[in-house]
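Output the structure for:
(2 chains)
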Amino acid sequence: MQLPSWAALGPALVLALTALVLLGLDSIDPDSTHSSALAGISALGALSALGLAGWYLLAGTGQASTGGPILLYGDALVVDGMSLFFSVIFASVAAMVIVASYDYLKGRTYQAEFYSLVMLAATGMTLMASSNSLASVFVSLELASLPSYALVAFLKRNEGSVEAGLKYFLIGAVSSAVFAFGISLVYAVTGSLLLSDVASGLVDAGDFVGVAGVGVLLIAGGFAFKTASVPFHFWAPEAYEGAPAPISAFLSSASKAAGFAVAFRVFVEAFPIASVVPMGIDWPLLFAVLAVVTMTLGNFAAATQENVKRMLAYSSIGHAGYALIGLAALSQGGPNGQVMGASMAHLLVYGFMNTGAFLFIALVEHWEVGRTFEDYNGLATKAPVACTAMTVFMFSLAGLPPFGGFLSKYALFYSAVQGGFWWLAAVGAINSALSLFYYSRVVKAMWIEEPSTPFELESKPVGLYVAVMFAAVGTLLLLPGFGPVVETAQTAATALFA
Amino acid sequence: MVPPQWYLLLSAAVFCIGLFGILTRRNALLFLMSVELMLNAANINLVAFSVFWGNVTGQAFSLFTMALAAAEVAVGIGIILVLYRNFKDVDVTKATTMRW
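Residues are numbered from 1 along each chain as shown, chains lettered A, B, ... in the order given. The predicted model follows:
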């Protein structure tokens, strides 16, 4: 049986439909107390999107084996291996965040809005990964951003949450204006917004190369905001610290991956290295500089933190630096598909381990244990299972050998060395070694230190536990399963360069 | 016909005025207005070069930009309202419970 071509957008359609169903339910019964029904519907939607995306990915939809990318709606959207790979990341992070939110939202109002905003943001991210025109890139980026602003400021009586939402919104609004101006300059030079037509239009830019260069720079700025990279990173520590912890998990994993998804496609398709670098628009060099600065800044700032959530926020900036290697270590004729694929695989592993770490913070916030490293002292005596999971996340984030994070970082640095960018890999390796210092502080506090005041953990929130365990199992399973994952990612990325 | 370079100069000027406003204003509402200026600088380019290239892509996209700007302001005003309720001010530098 042949599915119609629009069915290739299935994951995005399911997520959007779930969001609308939740909004509909909310307008019928605004004071609904059926929080398990709402969480169940959202989790079902996210898991069906995950199933669809995984099925398409395995069946080879939009890949070379079944006739190449599927173009939809006047080529504005495209479904290929890369968009499906990223859809899997977004849907699995959304599912974990929703299951964890069930306990986090207990006793709060506006639950239906919360879930539907999460689903809308996930729809926007999935569409970002499928965008094939600068117009759909901008619209889907805003669809992912606007619900995120509201979600960060969701605890409207909490000063920290409101402050975080304000800073996220202000910097987001500026960066989207910068991004739109960049798009308008590129349109001015090329006369088109479709990525492939932009690439062919740039070839005869003539006297307007300077304008095109400024446009590319501004577009890169817009992506730097979405991925929390230097120079638009300074919203991230505030937003992640102040936001409800499940939302911090969602933003730092899925939203970051969405920024990379769209940056990968736009820069490879619209600004091909072979034609723009000789014109003087050397964007791989720009990203190489940003990658080095981002990982160094993120890791050094993380090492000086006292608050665990803020430490994770800076570590998430550091990881954006590692993933930027996927855009930096590219060269004409180099193993570009390998480099970018390794970066995609790292983002998948990161999606599990980082979401898990933030959800553990949500669990600790639920118990009302404090936020600093000292407050975590001796936590393992009371909650050994959750602390074991957190230990897995920390060591995996640091890149220690028996965990998923080791293989993904290894593949990333190895491919960078193969591409001739050994210095990028060296900076990355030094930063990873430094990161072990602050990640192990958490582990030391939980397992070795004695608690200063004995604490009582009165409840065992099932949803949070399930989500944290799911993330931990995912992180561990990605160790034996990393081979197929990186192979899929590298095939998808290579198809992009073809 | 006005040469296209003039439109680029005009839009760059509007963009820079908006950027200047963002860097100097502390009132959240004026900050939003400055962002609108920057977005409209993009619209000037889109509409002008839509005529220059003879296709309507740019004009259609400028409508999208306006709609998104409106949506962004709707969310932004909501956040500024809760900012006012919590901090009794719309000064963006007043909200500092977390250190930078």
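
number of nearby residues for residue 69?
By default, I'm working from chain A. 21 (other C-beta atoms under 10 Å in any protein chain shown). (Each C-beta comes from the backbone N, C-alpha and C, glycine too.)

looking at chain B here, not the other one
By other C-beta under 10 Å, neighbour count at B:Ala69 equals 23.

Same check on A:Ala471?
Neighbour tally, A:Ala471, other C-beta under 10 Å: 29.

give me every residue that touches the closest residue to it other than its chain neighbours.
Nearest non-adjacent residue to A:Ala471, counting by C-beta to C-beta, 6 or more residues apart in numbering or on different chains: A:Gly356, 2.9 Å away. By C-beta atoms under 8 Å, 6 or more residues apart in numbering or on different chains, the contact list for A:Gly356 reads A:96, A:389-390, A:392-393, A:467-468, A:471-472, A:474-475.

Just the ones of those residues in strands?
Using DSSP state E, no member of these sits in strands.

Can you turn the buried part of those into a ChimeraX selection?
In ChimeraX, this line selects whichever of the contacts of A:Gly356 come out buried by 16 or more other C-beta atoms under 10 Å in any protein chain shown:
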select /A:96,389,390,392,393,467,468,471,472,474,475
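
Show me which of the contacts of A:Gly356 is closest to A:Tyr414.
A:Thr475 (20.3 Å; C-beta to C-beta).

Double-check A:Pro335 against A:Gln418; I have them as touching.
Yes: using C-beta atoms under 8 Å, A:Pro335 is in contact with A:Gln418, at 5.2 Å.

When these two are compared, which one has more neighbours?
Higher neighbour count among A:Pro335 and A:Gln418: A:Pro335, with 20 against 16, using other C-beta under 10 Å.

separation between that one and A:Tyr350?
Look at A:Pro335 and A:Tyr350: by C-beta to C-beta, to the nearest Å, they are 22 Å apart.

cool, A:Glu306 as well?
Note on A:Glu306: its distance to A:Tyr350, by C-beta to C-beta, is 24 Å.

Would you mind telling me which of the two has the busier surroundings?
A:Tyr350 (28 against 12).

which secondary structure element contains the more buried one?
Taking DSSP states H and E as the criterion, A:Tyr350 maps to helix A:336-367.

Tell me which residues of the longest helix seen in chain B come out buried.
Counting by DSSP state H, the longest helix found in chain B is helix B:57-87. Neighbour counts over helix B:57-87 (16+ other C-beta under 10 Å) mark B:57-58, B:61-62, B:64-65, B:68-69, B:72-73, B:75-76, B:78-80, B:82-83, B:86-87 as buried.

which helices and strands sit right next to it?
helix A:134-152, helix A:159-190, helix B:28-53 (3 or more C-beta pairs under 8 Å, 6 or more residues apart in numbering or on different chains; DSSP states H and E).

so how far is the first one from its chain's centroid?
With C-alpha atoms, centre = their mean, to the nearest Å as the basis, the distance from the averaged C-alpha position of helix A:134-152 to the chain average is 14 Å.

Spell out whether that helix and chain B are in contact.
Yes: using C-beta under 8 Å from any C-beta of the partner chain, helix A:134-152 reaches chain B at A:135, A:138-139, A:142, A:146, A:149-150.

Could you do the second one as well?
Yes: residues of helix A:159-190 are located near chain B by C-beta under 8 Å from any C-beta, namely A:159-160, A:162-167, A:169-170, A:173-174, A:176-178, A:180-181, A:183-185, A:187-188.

For that helix, what does the pLDDT average out to?
Summarised as a single mean, pLDDT over helix A:159-190 is 92.

So what touches the following helix or strand past that helix?
Moving toward the C-terminus from helix A:159-190, the next helix or strand (DSSP H and E) is helix A:195-203. Contacts with helix A:195-203, where a contact means C-beta under 8 Å, 6+ apart, come from A:75, A:132-134, A:186, A:189-192, A:212, A:265-266, A:269-272, A:275-276, A:279.

hmm, which of those are the buried ones?
If we count by 16+ other C-beta under 10 Å, the contacts of helix A:195-203 have these buried: A:132-134, A:186, A:189-192, A:212, A:265-266, A:269-272, A:276.

Nearest to chain B among these?
Chain B has its nearest neighbour among those in A:Gly191, at 3.6 Å by C-beta to the nearest C-beta.
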